[in-house]
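Q: structure, please.
(one chain, ligands or ions: 1)
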Amino acid sequence: MSTEQKPVENLTEEEAAAALAYLAAEIARNDALYHGKDAPEISDADYDALKRRNDAIEARFPALIRADSPSRRVGAAPSETFAPVVHARPMLSLDNTFSQEDVEDFVAGVYRFLGRLPDNSIAFTAEPKIDGLSMSIRYENGRMVSAATRGDGTTGENVTANIRTIKEIPQTLPAGAPAIVEVRGEVYMAKSDFLALNAQMEAEGKQTYVNPRNTAAGSLRQLDAKVTASRKLKFFAYAWGEMSDMPADTQYGMVQVFKSWGFPVNPLMARLNSVADILGHYEQIGLQRPDLDYDIDGVVYKVDSLELQARLGFRSRSPRWATAHKFPAEQAFTRLVGIDIQVGRTGALTPVARLEPITVGGVVVTNATLHNADYIKGIGNKGEPIRDGRDIRVGDMVIVQRAGDVIPQIVDVVMEKREPSSVSYEFPKVCPVCGSHAVRDINEKTGKVDAVTRCTGGFICRAQATEHLKHFVSRNAYDIEGLGSKQIDFFFESEDSALQIRTAPDIFTLEKRQQASLAKLENIDGFGKVSVGKLYAAINERRQIALHRFIFALGIRHVGETTAKLLARSYGTYNAFEAGMKEAAPLAGDAWNDLNNIEGIGEVVARAIVEFYKEPRNTEVIAKLLEQVQPQEAEQPVTSGSPVTGKTVVFTGSLEKFTRDEAKAKAESLGAKVSGSVSKKTDIVVAGPGAGSKLDKAREFNVQVLTEDEWLDLIGG
Ligand code: IVH
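A: Predicted coordinates for the structure are as follows:
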């Protein structure tokens, strides 16, 4: 009798484990056939029988319940089964702040951006950051018409039927509410309901859930809304999307209106004026945190005035007028068993702690960053003692901290547990990969020794070279499928000239070199005819590439995806970008100013780019690469209808209605490029009182000159 038919009472433990593995796979396969392809292979009764058998075996052998068990899958329905909903206004996320200093910076930044406002004149709201999932609920003519999850911020999932089962959320709005209303907020599960649900699961011999947030998400994304109804989800309203009319002109006022319409709103929301009061409220909420019946992970601060919110506007993914002040991370003790040194793309030697595995806030941690040599010694970034100067030694009991998705770090040492025989850690003086000297640079600007120790091997260092290549093919750069970390190592190490990939252009000549060679890639272990064909196709597909991906792929220090996008947008074509960088080399003059004046690019980044182009080895590799690939012209942002889209604008003299930052941000949001210097390429100069040489230059080049008011008329602001 096969294990699949044997009565549950007769199964041995080993057979039960095998049966559960089989059932998990078989039920998942049938789920996919049923939901995804609408082509079930078995009858509903047979399907139910599989599930019942799974439950029965799990009840008898609770220790064998699998992580992928069908009984554990709350949200069994794959997301494709919910219809997509495009949000009328994007659902953004929040920037995080972690310390009092960060909060002071946030508030100071708001004042700086708006300019000329007296101290403490800007009110902020402070309210708990609920650990649930955000939801946008739309009402038309007073009736709920749809509800959608956040999704990627632009498109969410239609979960209207499920949201209708949440009793706390009104189905209709009172007379007098605007015709179109989108209320946004957080769906969550109360801690007490979560515990009760888990007690019930346990009593039924089922696997318990991990945390209220995941349970809420799983309970909501149920194709059968009856399941959602049984789960007692709750809601707090704190924001909005499209509104045909604004019923209030402050953040606080809006939330009070939501309350008057019947939405639950958080009682701990307050309106405050000074940083001290804001931080005081954060402390208060922190003290109440353990007693609240819902999970929170911080406090959200928002500028109260909606007029000021509008002036502050947004960065790419988050508003300038809000921030989330997170509570301190979770910590745990464990032993530091070793320190490894990783060599990165830019040669930085990063010490990585190897730990005895430990669970921190529900996640098993085995590695943590130790940042740099000084950090291990107990010295901070500014040369100040940290941890009261305590160093970190191999063998020590250490405190590991994990905050959100950030890499775990070691924050302290338990001195009482230190072995008397322990010795301080010696940071390597040579690169552990290539043996070149490892040095700490002197920072040109500050004259201080850099915190980072770098390998001086450059291109001869295998770690730097392979990390460069791995970055080049990574998902947000060239994204070449079939060319992962393992394959790069293989091609890099190969001694066969028809296989070797040492620099990026080699990737694109691989197929040609292979054609002329007898030693075929497809005969090598790990590759086959099909996978080799796919690899070449994936490589060839990338010969045309978006300019920002190309720039990001070059691996220039400090040039991440966002900076690459700014550069692509600003220069338009690769040739213009490279020409600009070469011209900017003296770190002075128009080309240098053009680069520095791009909003979002500071001097450190600008320097790094210019330095990169000074190195002949880099430009040689790029020239070879350009024989193989064509970066595309950058797409200009779609701000159709704006009279300044694509125009280069310079602000000079003193502005009276806006700060320089605000004017810049506004112009850029309308698709203009803002530069700090006037050249023949400038389209508009906005000149305020006191304008000097830039105004003269504008006249010399015949550039259109506007007053601040004329500019405002032009952009309709
Ligand atoms: S305001 C434009 N307020 O946090 C800003 N968000 O990290 C809109 N969240 O996606 C968000 N509590 O899911 C806001 N009181 C609160 C919040 C809150 C929780 C979530 C929300 C958002 C995420 C951002």
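
Q: and the residue in the stretch 551-700 of the chain that the ligand sits nearest to, how far is that from Thr645?
A: Of all residues in the stretch 551-700 of the chain, Ser669 sits closest to the ligand, at 15.7 Å by CB to the nearest ligand atom. All C-beta atoms are positioned from the backbone trio N, CA, C, and that covers glycine. Remark: distance between Ser669 and Thr645 (CB to CB, to the nearest Å) = 11 Å.

Q: returning to that earlier point: need the pLDDT of the nearest residue to the residue of the stretch 551-700 of the chain closest to the ligand once chain neighbours are set aside.
A: In this structure, Ser669 finds its nearest non-sequential neighbour in Gly313, 6.3 Å apart by CB to CB, 6 or more residues apart in numbering. At Gly313, the predicted lDDT confidence score is 93.

Q: could I get the contacting residues of Gly313?
A: Pro319, Arg320, Ala665, Lys666, Ser669 (CB atoms under 8 Å, 6 or more residues apart in numbering).

Q: I'd assumed Phe314 was in contact with the second one.
A: Yes. Using CB atoms under 8 Å, Arg320 and Phe314 qualify as a contacting pair, with a distance of 6.5 Å.

Q: which one of those two is surrounded by more residues?
A: Counted by other CB atoms under 10 Å, Arg320 and Phe314 do not tie: Arg320 has more neighbours, with 22 against 15.

Q: just give the closest residue to the more buried one, not the sequence neighbours.
A: Distances taken as CB to CB, 6+ apart put Leu312 closest to Arg320, at 4.1 Å, once the chain neighbours are dropped.

Q: and for Ala248?
A: Met254 (4.7 Å).

Q: same question, Leu712
A: Lys657 (7.0 Å).

Q: longest helix in the protein, please.
A: If you go by DSSP state H, the chain has its longest helix at helix 13-31.

Q: ok, then the element right after that one?
A: helix 44-60 (DSSP states H and E).

Q: quick one: Asp340 from Lys697, how far?
A: Here the criterion is CB to CB. By it, Asp340 lies 55 Å from Lys697.

Q: neighbour count: these two, which is higher?
A: Lys697 (18 against 12).

Q: in what helix or strand does Glu511 lie?
A: helix 504-515.

Q: residues of that helix that come out buried?
A: For helix 504-515, the neighbour count (16 or more other CB atoms under 10 Å) marks Ala504, Pro505, Asp506, Ile507, Phe508, Leu510, Glu511, Arg513, Gln514 as buried.

Q: what helices or strands is that helix leaning on?
A: helix 462-472, helix 529-541, helix 616-626 (3 or more CB pairs under 8 Å, 6 or more residues apart in numbering; DSSP states H and E).

Q: what's the most buried one of these?
A: Of those, the one with the most neighbours on average (mean count of other CB atoms under 10 Å) is helix 462-472, at a mean of 21.

Q: other SSEs contacting the next helix-or-strand element following that helix?
A: Per DSSP H and E, helix 462-472 leads on to helix 485-493 as the next helix or strand towards the C-terminus. Applying 3+ CB pairs under 8 Å, 6+ apart, we find helix 485-493 packed against helix 462-472.

Q: break down the stretch 351-500 of the chain into its strands, ranges please.
A: 363-369, 397-402, 409-413, 438-442, 449-455 (DSSP state E, counting those that start in this stretch).

Q: got JSON lines for the ones you listed, with distance to the ligand and mean pLDDT too?
A: As requested, the strands of the stretch 351-500 of the chain are arranged in JSON lines below (distance: least, CB to the nearest ligand atom, whole Å; pLDDT from 0 to 100):
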{"stretch": "strand 363-369", "distance to the ligand": "19", "mean pLDDT": "85"}
{"stretch": "strand 397-402", "distance to the ligand": "17", "mean pLDDT": "91"}
{"stretch": "strand 409-413", "distance to the ligand": "21", "mean pLDDT": "93"}
{"stretch": "strand 438-442", "distance to the ligand": "36", "mean pLDDT": "90"}
{"stretch": "strand 449-455", "distance to the ligand": "29", "mean pLDDT": "92"}
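
Q: low-confidence ranges, the stretch 251-400 of the chain, go.
A: 361-363 (pLDDT under 70).

Q: that one: helices as residue ranges?
A: Assigned by DSSP state H, counting those that start in this stretch, the stretch 251-400 of the chain shows helices spanning 251-260, 275-288, 306-312, 373-377.

Q: again, but for the stretch 101-250 of the chain
A: Under DSSP H, counting those that start in this stretch, the stretch 101-250 of the chain gives helices at 160-163, 191-203, 212-220, 225-229.

Q: what residues of stretch 114-127 count as buried?
A: Quick answer for stretch 114-127 (16+ other CB under 10 Å): Leu114, Ile122, Ala123, Phe124, Thr125, Ala126, Glu127.

Q: what's the neighbour count on the nearest residue to Thr366 once chain neighbours are set aside?
A: Closest residue in space to Thr366, ignoring its immediate chain neighbours: Pro357 at 4.9 Å, by CB to CB, 6+ apart. For Pro357, the neighbour count with other CB under 10 Å is 9.

Q: what of the one 3 residues further on?
A: Residues within reach of Val360, counting by other CB under 10 Å, total 21.

Q: start at 792 instead
A: In the new count, where the first residue is 792, that last one comes out as Val1151.

Q: quick one: it and Phe1124 touch, right?
A: No. Contact criterion CB under 8 Å: Val1151 and Phe1124 do not qualify, at 9.9 Å.

Q: overlap in contacts of these two?
A: Val1191.

Q: that older thread, let me have the strands of the stretch 1142-1291 of the chain in TSV, extended by mean neighbour count and distance to Ala1376.
A: What follows is the strands of the stretch 1142-1291 of the chain, written out as TSV (neighbours: other CB atoms under 10 Å; distance: least, CB to CB, whole Å):
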stretch	mean neighbour count	distance to Ala1376
strand 1154-1160	15	35
strand 1188-1193	21	43
strand 1200-1204	19	38
strand 1229-1233	17	20
strand 1240-1246	20	22
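
Q: I'd like the ones you listed as a markdown table, with distance to Asn1267 appended.
A: Putting the strands of the stretch 1142-1291 of the chain into a markdown table (distance: least, CB to CB, whole Å) gives the following:
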| stretch | distance to Asn1267 |
| --- | --- |
| strand 1154-1160 | 21 |
| strand 1188-1193 | 24 |
| strand 1200-1204 | 24 |
| strand 1229-1233 | 28 |
| strand 1240-1246 | 23 |
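
Q: enumerate the residues of this structure near the ligand.
A: Residues of the chain lying close to the ligand (CB under 6 Å from any ligand atom) are 883-885, 918, 920-921, 925, 941, 977, 1029-1030, 1091, 1110, 1113, 1115.

Q: could you measure the residue in the chain that the ligand sits nearest to against Arg1178, distance?
A: Going by CB to the nearest ligand atom, the ligand is nearest to Ser925 of the chain, at 3.2 Å. For Ser925, the distance to Arg1178 (CB to CB) stands at 37 Å.

Q: what does stretch 959-975 rub up against?
A: Defining contact as CB under 8 Å, 6+ apart, one finds that stretch 959-975 is touched by 879-880, 882, 925-935, 954-955, 1025-1026, 1028-1038, 1049, 1051-1055.

Q: same for the lowest-mean-pLDDT helix or strand in the chain, what does it pack against?
A: Ranking every helix and strand in the chain by mean pLDDT, DSSP states H and E puts helix 835-851 at the bottom, with a mean of 82. The contact analysis (3+ CB pairs under 8 Å, 6+ apart) places helix 835-851 against helix 804-822.
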